[in-house]
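Colleague: Turn this into a structure:
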Amino acid sequence: VQLVGSGGGSVQAGGSLRLSCAAPESIFSTHAMGWYRQAPGKVRELVAAIISIGGSEYYLDSVEGRFTISRDNAKNTLYLQMNSLKPEDTANYYCVASPTLSLLHAYRFHYWGQGTQVTVSS
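Modeller: Numbers count the residues shown, from 1 in each chain. Below you'll find the predicted structure:
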């Protein structure tokens, strides 16, 4: 585990949270990074991802327009701003990194964080 995720918590529906993920510069500058989530009894989902150069982004349909992924290259930190949260967003969120976006989509993660819990109540 070389990625350190943080920022989870409990909010009411409609609220906001921002997740952060710190990575070593050697990983952050060369890898596509993203967030996937896993809820009990549900299929894991790649929620959002962003490439290392150029800023191309991916969003799961159900979070499009509500979540924003971004990178701070000066701080080697990845963020996921989550607005208008819904109970169905409740899950453990993991920061992940792979050399390409395709590998992230294939759930072939080269690096991952320890997970941070997001709980949204109705």
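
Colleague: The residue positioned nearest the centre of the chain: what secondary structure?
Modeller: The centroid of the chain falls nearest to Trp35 when counting by CA atoms, centre = their mean (2.2 Å). The local conformation at Trp35, judged by DSSP: H, G, I helix; E, B strand; the rest coil, is strand.

Colleague: Now for it: which residues touch it?
Modeller: When contacts are counted by CB atoms under 8 Å, 6 or more residues apart in numbering, Trp35 touches 19, 21, 46-49, 69, 78, 80, 93-96. C-beta: built from backbone N, CA, C; applies to glycine.

Colleague: again, only this time at 6 Å
Modeller: Each residue near Trp35 by CB atoms under 6 Å, 6 or more residues apart in numbering is listed here: Val47, Ala48, Leu80, Tyr93, Cys95.

Colleague: for it, which residues make a bridge with it?
Modeller: Ala48, Cys95 (DSSP bridges).

Colleague: Looking at it now. What's its pLDDT?
Modeller: Model confidence at Trp35, given as pLDDT, is 97.

Colleague: Cool, thanks, signing off.
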